[in-house]
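Enquirer: predicted model and sequence follow; I will ask about them next.
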Amino acid sequence: RKEVEQDPGPFNVPEGATVAFNCTYSNSASQSFFWYRQDCRKEPKLLMSVYSSGNEDGRFTAQLNRASQYISLLIRDSKLSDSATYLCVVTVNSGNTPLVFGKGTRLSVIA
Amino acid sequence: DAMVIQNPRYQVTQFGKPVTLSCSQTLNHNVMYWYQQKSSQAPKLLFHYYDKDFNNEADTPDNFQSRRPNTSFCFLDIRSPGLGDAAMYLCATSRDLTYRNYNEQFFGPGTRLTVL
């Protein structure tokens, strides 16, 4: 089983739609979780951290389910500018353990 | 603005000709990383430095080396580039490795390497 798995998509949704991505991770000791956004031919940029209690930032909501070992990202009222690849990132906070990236889920928001 | 800078943004080299990519940061972060990213794939960690402590990933080829002469700069040396090394090379930094929120990574714009 891969360390971090995501549905690669693409998810093609109309403007204004709500879309959700899931990401599963294999290491039950994982403690830090992030969603990064990567535009075509650009670098990844932090979208939001994912906390145990869940967190919301405007139209974006992230949730963590430790029991099932997955995190989710919900985007409400999709905009054309939300079109990008969304990378799920997980780390175990011990020793020299950098972040582990998923392959990303590609989202296309269509007018 | 504090940032992660990579030079050059585009690099063309010949098969087997050594090439060096550079990264600098003004964030004063302890950790610097080098990733390789190929089309439609996740960034693949090559190695990272925690301060001066070098950590190589087990599957990073010997062809890839790195130097960190000071806190601000880190270099990626590809000793004998092959066609399969053509990719985007991303440098990233984080304040720390393990403390929550301190391990958020900030990426530079990347260097796109072409091997002829």
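Expert: Okay, I see it. Residues are numbered from 1 along each chain as shown, chains lettered A, B, ... in the order given.

Enquirer: could you list the residues in contact with the worst-scoring helix or strand of chain A on mean pLDDT?
Expert: Here the helix or strand of chain A ranked lowest by mean pLDDT, DSSP states H and E is strand A:100-101, holding a mean of 88. The list of residues contacting strand A:100-101 from outside it, by Cβ atoms under 8 Å, 6 or more residues apart in numbering or on different chains, reads A:Glu3, A:Val4, A:Tyr25, A:Tyr36, A:Pro44, A:Leu87, A:Cys88, A:Val89, A:Val90, A:Thr91, B:Ala42, B:Pro43. In this view, the C-beta of every residue, glycine as well, is placed from N, C-alpha and C.

Enquirer: OK, contacts around the first one?
Expert: Okay, so that is A:Glu3. Here A:Glu3 is in contact with A:Tyr25, A:Ser26, A:Asn27, A:Val90, A:Val100 (Cβ under 8 Å, 6+ apart).

Enquirer: where's the closest residue to A:Ser81 other than its chain neighbours relative to chain B, distance?
Expert: Once flanking residues are discounted, A:Ser81 sits nearest to A:Val109: 7.8 Å by Cβ to Cβ, 6 or more residues apart in numbering or on different chains. A:Val109 sits 19 Å away from chain B, going by Cβ to the nearest Cβ, to the nearest Å.

Enquirer: near A:Val109, how many other residues are there?
Expert: 20 (other Cβ atoms under 10 Å in any protein chain shown).

Enquirer: tell me the bridge partners for it.
Expert: A:Val13 (DSSP bridges).

Enquirer: if I pick it, what's in contact with it?
Expert: A:Val13, A:Pro14, A:Glu15, A:Ala17, A:Ser78, A:Lys79, A:Leu80, A:Ser81, A:Asp82, A:Ser83.

Enquirer: top of those residues by neighbour count?
Expert: A:Ser78 (21 neighbours).

Enquirer: give me the element that residue is part of.
Expert: Applying DSSP states H and E as the criterion places A:Ser78 outside every helix and strand.

Enquirer: so what's it closest to, chain neighbours aside?
Expert: Leaving out its chain neighbours, the residue that sits closest to A:Ser78 by Cβ to Cβ, 6+ apart is A:Val109, at 4.6 Å.

Enquirer: repeat for B:Asn30
Expert: B:Asp51 (5.4 Å).

Enquirer: I figured the one you found hits B:Asn28, correct?
Expert: No - using Cβ atoms under 8 Å, B:Asp51 is not in contact with B:Asn28, being 11.5 Å away.

Enquirer: need the overlap of contacts for those two.
Expert: With Cβ under 8 Å, 6+ apart as the test, B:Asp51 and B:Asn28 both reach B:Thr71.

Enquirer: hmm, back to that, which one among the contacts of strand A:100-101 gets closest to B:Val4?
Expert: Nearest to B:Val4 among the contacts of strand A:100-101: A:Pro44, at 11.6 Å, using Cβ to Cβ.

Enquirer: return a ChimeraX selection command for the buried portion of the contacts of A:Glu3.
Expert: Buried members of the contacts of A:Glu3, defined by 16 or more other Cβ atoms under 10 Å in any protein chain shown, are picked up in ChimeraX with:
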select /A:25,90,100
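
Enquirer: of the contacts of A:Glu3, which belong to strands?
Expert: A:Tyr25, A:Val90, A:Val100 (DSSP state E).
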